[in-house]
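Participant: Output the structure for:
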Amino acid sequence: QVQLVESGGGLVQAGDSLRLSCVFSGRTFGTYAMGWFRRAPEKEREFIAGIDWKDDNSYYADVVKGRFTISGDNAKKIVYLQMNTLKPEDTAVYYCFGYSEMYSKTYWGQGTQVTVSS
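Facilitator: You can find the predicted model right below:
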């Protein structure tokens, strides 16, 4: 059974930091990318950050560059999202994803709420 479990969300004030964690278990063999999307109220889901384990390159959405950092451990299939200088507009449900090249499928976590008050 495939599972992605996020943790680390919460309520913070503008300017604070949070670190999200995500553990991918189950059919992880062949997984080559993990990362994060988010969905704010009444908005479309948007890509935030990702890691390509094939070459260890990281990718970021422009809106979070310089504030968010993605890191992780490919062997353990864990990915982190360090979020600094949070803004109210970062308020959203953050979803972890893992892409398996072997199964040609993207798996999703249940999401963790991040709320930033002004």
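
Participant: How far off centre is stretch 70-85?
Facilitator: Put simply, stretch 70-85 sits 8 Å off its chain's centre (Cα atoms, centre = their mean, to the nearest Å).

Participant: Thr31 is in contact with Glu101, isn't it?
Facilitator: Yes - with contact defined as Cβ atoms under 8 Å, Thr31 reaches Glu101; the gap is 7.4 Å. Using the backbone N, CA and C atoms, a C-beta is placed for each residue, glycine as well.

Participant: out of the two, which sits in the more crowded spot?
Facilitator: Set Thr31 next to Glu101 and count neighbours by other Cβ atoms under 10 Å: Thr31 wins out with 20 against 13.

Participant: State the distance from Asn84 to Ile78.
Facilitator: Distance, Asn84 to Ile78, by Cβ to Cβ, to the nearest Å: 20 Å.

Participant: Next: Gly72.
Facilitator: Taking Cβ to Cβ, one finds Gly72 at 5 Å from Ile78.

Participant: In the strand or helix carrying Phe37, which residues are buried?
Facilitator: Assigning secondary structure by DSSP states H and E places Phe37 in strand 31-39. Buried residues in strand 31-39, counted by 16 or more other Cβ atoms under 10 Å: Thr31, Ala33, Met34, Gly35, Trp36, Phe37, Arg38.

Participant: how about the residues you listed in a markdown table, adding pLDDT?
Facilitator: As requested, these are exported to a markdown table (pLDDT from 0 to 100):
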| residue | pLDDT |
| --- | --- |
| Thr31 | 82 |
| Ala33 | 94 |
| Met34 | 95 |
| Gly35 | 97 |
| Trp36 | 98 |
| Phe37 | 98 |
| Arg38 | 98 |
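
Participant: next one: phi and psi at Met65?
Facilitator: That one is not Met; residue 65 is Lys. Main-chain torsions, Lys65, degrees, to the nearest 10: phi -60, psi 130.

Participant: Fine by me, we can end here.
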